[in-house]
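Undergrad: need the 3D shape of this:
(2 chains)
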There are 2 protein chains.
Amino acid sequence: MNALHTDLYQLTMAAGYYQAGKTQDRATFEMFVRRMPYNRNFFLVAGLAQAVDYVLNLRFDKAQIDYLRSLRQFQNAPTAFFEGLENFRFTGDIFAVREGTPIFAGEPFLTARAPLVEAQLLETYLLSMIGFQTSIATKAARISEAAGKAGVVEFGSRRAHSPDAGVLAGRAAFIGGCVGTSNVETGFRYGVPVFGTAAHSWVMSFQSETTAFEQLQQLLSDATVYLIDSYDTLEGARIAAGLAKPMWGVRLDSGNLLELARKVRVILDQAGFTDAKIMATGDLNEYRIIEMVAAGAPIDLYGVGTDLATSVDCPSLGAVYKLVELDENGVKRFTAKFSLDKRTMPGAKQVFRYATHDEVACEWECASGDAEALLRPVILNGALAEPLPTLTEVRDHAASALKKLPRVCRSLYGHEDAFKVKYSTKLLDVEKQLRNSIAGAGK
Amino acid sequence: MNALHTDLYQLTMAAGYYQAGKTQDRATFEMFVRRMPYNRNFFLVAGLAQAVDYVLNLRFDKAQIDYLRSLRQFQNAPTAFFEGLENFRFTGDIFAVREGTPIFAGEPFLTARAPLVEAQLLETYLLSMIGFQTSIATKAARISEAAGKAGVVEFGSRRAHSPDAGVLAGRAAFIGGCVGTSNVETGFRYGVPVFGTAAHSWVMSFQSETTAFEQLQQLLSDATVYLIDSYDTLEGARIAAGLAKPMWGVRLDSGNLLELARKVRVILDQAGFTDAKIMATGDLNEYRIIEMVAAGAPIDLYGVGTDLATSVDCPSLGAVYKLVELDENGVKRFTAKFSLDKRTMPGAKQVFRYATHDEVACEWECASGDAEALLRPVILNGALAEPLPTLTEVRDHAASALKKLPRVCRSLYGHEDAFKVKYSTKLLDVEKQLRNSIAGAGK
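TA: The predicted structure follows:
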């Protein structure tokens, strides 16, 4: 499944590990984010269910292997490499935070420990799947925070980076707090509530707005959302209110949304539609929404498209997947990078979440006091350790975990060390020892 | 195929068109971009092959239809709607520019003319597929332009918005001028040349850099690219040069790439490796590359990841798909939006490309003089009009079409009206008449 959705060098390295007799080496890789990007005070990890599905079902078929054989990079590759691909099964372990957990820069949120070839092969797919969904879930959490009591619906499929990204964006946005999505496949595949009624083309396809509205109301009854800005928003609101039939409400998609919402609210109320809701859409994001919320806009639901489905101000999480230790024939060796801008900490780790901070510790350390160990077994010896949570459980976990963070973390603007990530003394010792041993070896 | 990869309202509107007896209406939709975003002087249209595949193969299966039946939005939907989905085939026409054609704001680059339900249903998928690939092909063209004689390889799969987006990004980047991609599936599926040899984890998995390099050279011979910055770049270059065996070259991934490339070039030359090449990677984009090129950096190949695969400075094309005319029982009606920020021009159009400008005209107009009609039939009556070009033909077309544009269009910075798009007098007349008739109708 999706075996070739990877960077070529993962496969050339795999061939090289066969050649070098390193297939029995057991490697530990960790996934983490080096720096919090602009205006982010947490990341909401998402995409784990799809990542797990990939790891459990990764197989190479004959056509794929034949293609690799045809590449010049594999002309000298050992036969055992191709046989290894034919029989490929992931046999190692994956540890990860629960999907929907907020995480911070500098702490691992997924650990893969497996024979070197297997662990290496996962890198590209996992980074893409988890990195993307995490970006979107995070953006959705920010927008939902801004919207306060109003709901947020993900409407960005048309702007997503490919149709498949649109499906996943709807899933991730739901985890981050959206009440639903316009993407039908997201609803079909993941059970996310789906929203949407009609576009401007619907209104324009009828000779009059009134006819368009009547037809829509006949179809949708009390689920009807009238899109009222095709010609004149207030006139559209009056036509909708004049139909005197049940509706869910109206949608505004252009103009000064705050001012229009106020005027439309009056029109609806005066016609007796005090329960009818107002939805707003059109180039929205957390900054525009919080401004309207602060002004007391009578808007019940926000639909957010482009900015959410592409996480436009932060379109890449920048997660990395780094080798931190290697067990060669029973001899364990830590690995790290010491360059200033790309430092990695050696050895497998655990992350303890305390009320006020996280502590990144060596995996064999214990917590000191009341803490949660964030990295939990997900796959052990190539099999699922326990059933994955449902999507609703993931969403609930995200909401409750976010609530437990200091308020400053939910700010829409970046705050240095909004949540402190500390390294344990022992982990810092391990790093120091490795640094000294490498310096001592003249390397 | 991917029938539910769409916004719900496309399907509620379809149900409504059945209810309203509008299934015989013949609609014309056009896809275009309203405004050139910051620093873009053209867009390179890409993704048409996948869009065509979708249109030709769009089907609804039973499970998908059952899911729709279960939604409250379809409780009143007419039976004919569900039967229509069961038997769905696209029976209309698609006109589009050749894939790889540079286009500008305000001109249609794809036209769909079909029964209203069919044309409406395509919107979300086409916008996502074409919008994304167009963004990436455009970004790739900018980066390739900056790189001058050096090649550019797309390396961003891990940052793409989902694994599938990574595959498509590799394809689109190739159209835009990249020489290849690291994405293996892109190579397998589309025949794009694949690049990549080893990561830092390869070097770190061996006890010494020398052993890591020797093993890589044994595997790859003259295709070997040594990644030399794991510990110390210049020392890495000396080790590579000391092996005295054939290599393709070396890769620099950190530090001051310009300075390091110069020093590494000297090390390689002095060891007799005057043909060995230098590749540079690490947070690159068109702006950083052009600076190195201008300084005469001895770099032969640039690998670009995040910024390319996410088009980071412009992660959404912002294309729209708008109803421009409707034929109801043989009576043709033009449609348009007149709001200042979201103006659309009525009626089906043709785009004529002259040497100095484009002219957007009514579809029935003729060119005045030496011009190319950009919109060509792709699908007629639901069938492919002619075989699609190969990916190499698309890439060649893009290169030659870009070369024909005024030099200013290839600038990395935005120039107002770098290429002028004019509306024909007749088209402006049509708009004026429609505007008057609507005003006259009190709407």
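Undergrad: who in the stretch 301-443 of chain A is up against chain B?
TA: Counting by C-beta under 8 Å from any C-beta of the partner chain, the residues of the stretch 301-443 of chain A close to chain B are A:306, A:310-312, A:315-318, A:322-323, A:326, A:335, A:337, A:339, A:341-342, A:438, A:443. No exception for glycine: its C-beta is placed from N, CA and C like everyone else's.
Undergrad: the longest helix anywhere in chain A: how far from the chain's middle?
TA: Scanning chain A for the longest helix, with DSSP state H as the assignment, gives helix A:123-147. Its chain's C-alpha centre and that of helix A:123-147 lie 3 Å apart, by C-alpha atoms, centre = their mean, to the nearest Å.
Undergrad: with stretch A:415-432 instead?
TA: That offset, for stretch A:415-432, works out to 25 Å (C-alpha atoms, centre = their mean).
Undergrad: for that stretch, list every residue counted as buried.
TA: By 16 or more other C-beta atoms under 10 Å in any protein chain shown, the buried positions in stretch A:415-432 come out as A:418-419, A:421-424, A:427, A:430-431.
Undergrad: closest to chain B among the residues you listed?
TA: Relative to chain B, the closest of those is residue A:431; by C-beta to the nearest C-beta it sits at 14.7 Å.
Undergrad: my read is the closest one is in a helix, agree?
TA: Yes: Residue A:431 forms part of a helix when assessed by DSSP: H, G, I helix; E, B strand; the rest coil.
Undergrad: quick one: it and residue A:336 touch, right?
TA: Yes: between residue A:431 and residue A:336 there is a contact under C-beta atoms under 8 Å: 6.5 Å.
Undergrad: where exactly do the helices run in the stretch 1-150 of chain A?
TA: A:8-19, A:48-57, A:62-70, A:79-86, A:116-121, A:123-147 (DSSP state H, counting those that start in this stretch).
Undergrad: and among those, the most buried is which?
TA: Mean neighbours per residue, mean count of other C-beta atoms under 10 Å in any protein chain shown, is largest over the helices of the stretch 1-150 of chain A for helix A:123-147, with a mean of 27.
Undergrad: and stretch A:337-352, how far apart are its ends?
TA: Stretch A:337-352 has its terminal residues 23 Å apart, counting by C-alpha to C-alpha, to the nearest Å.
Undergrad: which element is the spatially closest residue to residue A:245 that is not a sequence neighbour on?
TA: Distances taken as C-beta to C-beta, 6 or more residues apart in numbering or on different chains place residue A:217 nearest to residue A:245, at 5.1 Å, with adjacent residues excluded. Element membership of residue A:217, judged by DSSP states H and E, is helix A:209-220.
Undergrad: show me what that helix is packed against.
TA: helix A:200-204, strand A:225-227, helix A:233-242, helix B:8-19 (3 or more C-beta pairs under 8 Å, 6 or more residues apart in numbering or on different chains; DSSP states H and E).
Undergrad: list the buried residues of that helix.
TA: By 16+ other C-beta under 10 Å, the buried positions in helix A:209-220 come out as A:209, A:212-217, A:219-220.
Undergrad: tell me the angle of that helix relative to helix A:233-242?
TA: Computed with axes from the mean of the first three to the mean of the last three C-alpha atoms, to 10 degrees, the direction of helix A:209-220 lies at 50 degrees from that of helix A:233-242.
Undergrad: what residues does helix A:209-220 touch?
TA: Helix A:209-220 is touched from outside by A:197-198, A:202-203, A:205-206, A:224, A:226, A:230-231, A:235-236, A:239-240, A:243, A:245-248, B:12, B:15-16, B:19-20, B:73, B:76-77, B:443, with contacts defined as C-beta atoms under 8 Å, 6 or more residues apart in numbering or on different chains.
Undergrad: just the buried members of those?
TA: If you count burial by 16+ other C-beta under 10 Å, the buried members of the contacts of helix A:209-220 come out as A:197-198, A:202-203, A:205-206, A:224, A:226, A:230-231, A:235-236, A:239-240, A:243, A:247-248, B:12, B:15-16, B:19-20, B:73, B:77.
Undergrad: restricting to C-alpha, output stretch A:100-107 in PDB.
TA: C-alpha atoms of stretch A:100-107 as PDB (Å, rounded to 0.1, in the frame of the first residue of the first chain):
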ATOM      1  CA  GLY A 100      -5.100  15.000  19.400                       C
ATOM      2  CA  THR A 101      -2.400  15.800  21.900                       C
ATOM      3  CA  PRO A 102      -0.900  19.300  21.900                       C
ATOM      4  CA  ILE A 103       2.900  19.200  21.600                       C
ATOM      5  CA  PHE A 104       5.700  21.700  21.500                       C
ATOM      6  CA  ALA A 105       9.100  22.100  19.700                       C
ATOM      7  CA  GLY A 106      12.000  20.000  20.900                       C
ATOM      8  CA  GLU A 107      10.000  17.000  22.100                       C
END
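Undergrad: quick one: mean pLDDT for that stretch?
TA: For stretch A:100-107, mean pLDDT rounds to 97.
Undergrad: what about the helices in the stretch 151-300 of chain A?
TA: Along the stretch 151-300 of chain A, the stretches classed as helices by DSSP H, counting those that start in this stretch are A:163-175, A:184-190, A:200-204, A:209-220, A:233-242, A:257-270, A:286-294.
Undergrad: ok, and what's touching stretch A:230-237?
TA: Under the contact criterion C-beta under 8 Å, 6+ apart, stretch A:230-237 has outside partners A:200, A:203-204, A:209, A:226-229, A:250, A:252, A:254-255, A:260, A:263-264, A:267-268, B:337, B:438, B:443.
Undergrad: domain parsing for chain A?
TA: Domain assignment of chain A by automatic domain parsing yields the ranges A:8-134+A:321-440, A:140-309.
Undergrad: distance from the chain centre to the longest one, please.
TA: What that stands for is domain A:8-134+A:321-440. Computed by C-alpha atoms, centre = their mean, the chain-centroid distance of domain A:8-134+A:321-440 equals 15 Å.
Undergrad: for stretch A:254-272, same thing?
TA: Counting by C-alpha atoms, centre = their mean, stretch A:254-272 is centred 35 Å from the centre of its parent chain.
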